[in-house]
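# Predicted model, plus sequence, below.
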Amino acid sequence: MLVYIHVPFCRTRCRYCAFHSTALGRGVDPAGSRLVRDYVDTLLLELAHWADIHGGAEIQTVFWGGGTPSLLPPRVVGIVLDRLARYFKLAGGAEITLEANPDSLRARTRAAEYRAAGVNRLSIGIQTLDDTMLRMLGRSHKGGDSLHAAFAAREAGFANISLDMMWGLPGQGVRQWLQTLKDAVRMGPDHVSSYGLALEPETALERASREGNVVLPPERDQSIMFMEGAAFLEASGYLHYEISNFARVGFQCRHNLGYWEGQDYLGLGPSATSTIAGRRWTNPADHKAWENKVRLGRLDENAEVLTARTRVLEMLMLRLRTARGLRLKAWRKITGRDLLADNKKLIQAMHENGLVRIRHGYLSLTRNGMLVSNTILLNLFERAEAALMPGGRSGPKILAEPLCAS
Ligand code: SF4
């Protein structure tokens, strides 16, 4: 099982962010904040609740996400991890990631304290090294903090460091992005997540864009940023193993790979989603409502039961995001259908246009295909959905549970 822990606090709110988090403010010490203390108490209760039900289950990965998990005192992270290890079975060599903002690692010993608390992978949210752009995005750190954070993480003994980067920022040019990426690679990360900026509805940046106050780079430039950025990272020794993720050999994020492979995951904290044994539920994105549910033990009372059809369609969408792709034999075994024969003309056209490849029995997207992945995935999803529709053009055809098919 995978465990995700949502930490719903940030120093300030970034202008593009749609995640659930409350801004604590710059001057507030999280260790002394009532809000943070209440959150930790409820988190421990939530953990105890699931220990009663799934206690002893083996945990392969823990991912502290948010929000800004690095606002939590390392001592608190250690207490939660100890509790997890006591209630469940933490697999030997479990990957334990903590997302950190560069400014949270300013204190000299902070990274080492997280290491001592049991964290073995740091994911540092750099985004860009340009201070003007960081201000425009509403980030709470400066470019110099990022250099310091990466250095401090290594010095603390972290052997697995990931950097989060962002392209397609307002005012950003192709050359500037590639230079940023070069500077980031010089910091020697083991893993790089490289996301295109998405304007989420009702965020400050989306409103500013609607009002014409910020303008994203032209689409053509954004395409070049993705393509050349990916080519540069591959040439620098990073495998392009998922649309937005690159890693040195052996440093792929096991937690995210688990999601893409359809493993069960337990989500803790407000707004976190869980999927266990074919049931899925999401905690309320509100502290009080989440706390009430935890106290009443009713976290999964409205769980959705995932049909085999839903799970198999999710498998299609998630596997095609990865460089390995979808194993065609597994698809046939699970659905009783031949994906290539069902979509012969479409897949042939995409193949001729260099958007997909079929190799060693896997269908996967090429880098050009990844660039237009949303369109391709939507197209294949709709066709597969129709083909698997009960009483639809093919009748109910799902023959086996999808989760074991690699
Ligand atoms: S630090 Fe992360 S979670 Fe917090 S507001 Fe910024 S983008 Fe959102």
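Received the coordinates, thanks.

# Which residues of this structure lie near the ligand?
By the rule CB under 6 Å from any ligand atom, the part of the chain lying against the ligand is 10, 13-14, 17, 19, 21, 66-68, 101. From N, CA and C alone the C-beta is placed, and that goes for glycine too.

# Just the buried residues from these, in ChimeraX please.
In ChimeraX, this line selects whichever of the residues of the chain next to the ligand come out buried by 16 or more other CB atoms under 10 Å:
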select :10,14,17,19,21,66,67,68,101
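
# how about a markdown table for the residues of the chain next to the ligand, with pLDDT added?
What follows is the residues of the chain next to the ligand, written out as a markdown table (pLDDT from 0 to 100):
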| residue | pLDDT |
| --- | --- |
| 10 | 95 |
| 13 | 94 |
| 14 | 96 |
| 17 | 95 |
| 19 | 92 |
| 21 | 93 |
| 66 | 90 |
| 67 | 94 |
| 68 | 96 |
| 101 | 96 |
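
# Now that we have the residues of the chain next to the ligand, can you turn them into JSON lines and tack on secondary structure and distance to residue 82?
As requested, these are exported to JSON lines (DSSP: H, G, I helix; E, B strand; the rest coil; distance: CB to CB, whole Å):
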{"residue": "10", "secondary structure": "strand", "distance to residue 82": "25"}
{"residue": "13", "secondary structure": "coil", "distance to residue 82": "31"}
{"residue": "14", "secondary structure": "coil", "distance to residue 82": "32"}
{"residue": "17", "secondary structure": "coil", "distance to residue 82": "31"}
{"residue": "19", "secondary structure": "coil", "distance to residue 82": "27"}
{"residue": "21", "secondary structure": "coil", "distance to residue 82": "25"}
{"residue": "66", "secondary structure": "strand", "distance to residue 82": "20"}
{"residue": "67", "secondary structure": "coil", "distance to residue 82": "21"}
{"residue": "68", "secondary structure": "coil", "distance to residue 82": "22"}
{"residue": "101", "secondary structure": "coil", "distance to residue 82": "24"}
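
# quick one: which of the residues of the chain next to the ligand is nearest residue 302?
Closest approach between the residues of the chain next to the ligand and residue 302, by CB to CB: residue 19, at 21.9 Å.

# Wait, a strand at residue 97?
Yes. Residue 97 forms part of a strand when assessed by DSSP: H, G, I helix; E, B strand; the rest coil.

# Contact partners for it?
Contact analysis of residue 97 by CB atoms under 8 Å, 6 or more residues apart in numbering lists 61-64, 119, 121-123, 162, 253, 255.

# Please identify which of these is nearest to residue 238.
Proximity of those to residue 238 (CB to CB) peaks at residue 162, which lies at 10.8 Å.

# so what's that closest one bridging to?
Beta-bridge pairing for residue 162 (DSSP bridges): residue 123, residue 191.

# Got phi/psi on the residue of the stretch 101-250 of the chain found nearest the ligand?
Proximity of the stretch 101-250 of the chain to the ligand (CB to the nearest ligand atom) peaks at residue 101, 5.7 Å away. Main-chain torsions, residue 101, degrees, to the nearest 10: phi -90, psi 140.

# Mean confidence (pLDDT) on stretch 133-145, please.
When pLDDT is averaged over stretch 133-145, the result is 95.

# how about the residue of the stretch 251-400 of the chain at minimum distance from the ligand, secondary structure?
Nearest to the ligand in the stretch 251-400 of the chain, going by CB to the nearest ligand atom, is residue 271, at a distance of 11.0 Å. What three-state DSSP gives for residue 271 is coil.

# List the residues that contact it.
Shown in contact with residue 271 (CB under 8 Å, 6+ apart): 6, 8, 19-20, 282-285, 290.

# Give me the contact list for stretch 314-332.
With CB under 8 Å, 6+ apart, stretch 314-332 has contacts from 239-243, 257, 259-262, 306, 312, 334, 337-340, 357-358, 361-365, 373, 376-377, 380-381, 384, 402-403, 405-406.

# May I ask which helix or strand encompasses the residue most central in space within the chain?
In the chain, the centroid-proximal residue (CA atoms, centre = their mean) is residue 256; its distance is 6.2 Å. Using DSSP states H and E, residue 256 sits within helix 254-260.

# Make sure residue 160 is actually in contact with residue 190.
Yes. Between residue 160 and residue 190 there is a contact at 5.3 Å, judged by CB atoms under 8 Å.

# Return every residue with contacts to both of these two.
What both residue 160 and residue 190 touch, as defined by CB under 8 Å, 6+ apart, is the set residue 251.

# Surely residue 59 is within a strand?
Yes. Under three-state DSSP, residue 59 sits within a strand.

# What is the neighbour count of it?
21 (other CB atoms under 10 Å).

# Okay, and the beta partners of it?
Residues in beta-bridge contact with residue 59 (DSSP bridges): residue 90.

# shouldn't it be in contact with residue 87?
No. Using CB under 8 Å, residue 59 is not in contact with residue 87; the gap is 9.5 Å.

# Show me just the buried residues among the contacts of stretch 314-332.
With neighbours counted using 16+ other CB under 10 Å, the contacts of stretch 314-332 contain these buried positions: 239-243, 257, 259-262, 312, 334, 337, 339-340, 362-365, 373, 376-377, 380, 384, 402-403, 405.

# Which ones among those map onto strands?
239-242, 362-365 (DSSP state E).

# pLDDT value on residue 203, please?
In this model, residue 203 carries a pLDDT of 95.

# Count the residues that sit near it.
Neighbours of residue 203 (other CB under 10 Å): 18.

# Now for it: which residues touch it?
By CB under 8 Å, 6+ apart, the contact set of residue 203 is 15-18.

# likewise residue 273?
Contact partners of residue 273, counting by CB under 8 Å, 6+ apart, are 4, 265, 267, 280-283.

# again, 10 Å this time
Contact partners of residue 273, counting by CB atoms under 10 Å, 6 or more residues apart in numbering, are 4, 6, 265-267, 280-283.

# sec struct for the nearest residue to residue 127 once chain neighbours are set aside, please.
Excluding the flanking residues, the one nearest residue 127 by CB to CB, 6 or more residues apart in numbering is residue 166, at 4.4 Å. With three-state DSSP as the basis, residue 166 sits in strand.
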